[in-house]
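Chemist: heads up, no residue letters with this:
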């Protein structure tokens, strides 16, 4: 990518970059000319092409301020003096458990990664986002509104993330746009591994969506890139359902 003054780089920070949706996000932003700073808890996958990769523990960035500041200092150093054009809070942890089994550690890990890390990243990087007239996209979930058994911690964290998206839009006003996407089932390796040997159940999941299939990671990525590009400046504080129509279904017994 050219870095001359006639074509300065556009930077995007994407968390959870090594997962299925994260990889699609990185590829989409790179294809659209962004210099991507990718982060994940795991080391950089050999086939993940990005301008910069930071191996980072998001939960620790919340609980350990010195560690969090060291990660943020690396990001700030990379984007200076051009600013940050997009912050995509994609990383998430899904700890399953019911109201009678979730532990304090489960809640702490879930809220640190899914809610507090996105907030503190946004807070710390506001100057860089403002400088580039950038925007924030939070990857929430259909579980923010509709959930099922044993998703108490995950659903609560995503409901809070969507609520935070709306509240931050009001709080920040015209300084930085903040939006969220609430996907339903997306075809990632993690999802498919949960249905290993359960082809009939997987087919049933597909048919639960009125479009007749589940979503693709690239569809999430394309939705995100459209949110951060310049063509939708009036979209602010929105939580968009990317769910194949499933949130409109009423499943009654026959």
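Modeler: It's in. Everything numeric in this text was worked out from a predicted model, so none of it was measured. Numbering: from 1, shown residues only.
Chemist: Pull the number of nearby residues for the closest residue to residue 237 other than its chain neighbours.
Modeler: In this structure, residue 237 finds its nearest non-sequential neighbour in residue 169, 2.9 Å apart by C-beta to C-beta, 6 or more residues apart in numbering. Using the backbone N, CA and C atoms, a C-beta is placed for each residue, glycine as well. Residues near residue 169, counting by other C-beta atoms under 10 Å, number 19.
Chemist: Buried ones in the one helix or strand residue 169 maps to, by neighbour count?
Modeler: For residue 169, the host element (DSSP states H and E) is helix 152-172. Of all the residues in helix 152-172, those buried under the rule 16 or more other C-beta atoms under 10 Å are 152-162, 164-166, 168-169, 172.
Chemist: One more: stretch 29-45?
Modeler: For stretch 29-45, by 16+ other C-beta under 10 Å, it's 29, 30, 34, 35, 36, 37, 38, 39, 40, 41, 44, 45.
Chemist: for this structure, what spans make up the strands?
Modeler: In the chain, the strands defined using DSSP state E lie at 10-14, 34-40, 52-55, 86-89, 135-139, 177-183, 239-242.
Chemist: Just put the ones you listed in JSON lines and tack on distance to residue 67 and mean pLDDT.
Modeler: Putting these into JSON lines (distance: least, C-beta to C-beta, whole Å; pLDDT from 0 to 100) gives the following:
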{"stretch": "strand 10-14", "distance to residue 67": "17", "mean pLDDT": "98"}
{"stretch": "strand 34-40", "distance to residue 67": "13", "mean pLDDT": "98"}
{"stretch": "strand 52-55", "distance to residue 67": "12", "mean pLDDT": "98"}
{"stretch": "strand 86-89", "distance to residue 67": "18", "mean pLDDT": "98"}
{"stretch": "strand 135-139", "distance to residue 67": "22", "mean pLDDT": "98"}
{"stretch": "strand 177-183", "distance to residue 67": "25", "mean pLDDT": "98"}
{"stretch": "strand 239-242", "distance to residue 67": "30", "mean pLDDT": "97"}
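Chemist: Need those strands in a markdown table (columns: distance to residue 78).
Modeler: Below are those laid out as a markdown table (distance: least, C-beta to C-beta, whole Å):
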| stretch | distance to residue 78 |
| --- | --- |
| strand 10-14 | 7 |
| strand 34-40 | 6 |
| strand 52-55 | 6 |
| strand 86-89 | 13 |
| strand 135-139 | 18 |
| strand 177-183 | 22 |
| strand 239-242 | 29 |
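Chemist: Nice, that's everything, thank you.
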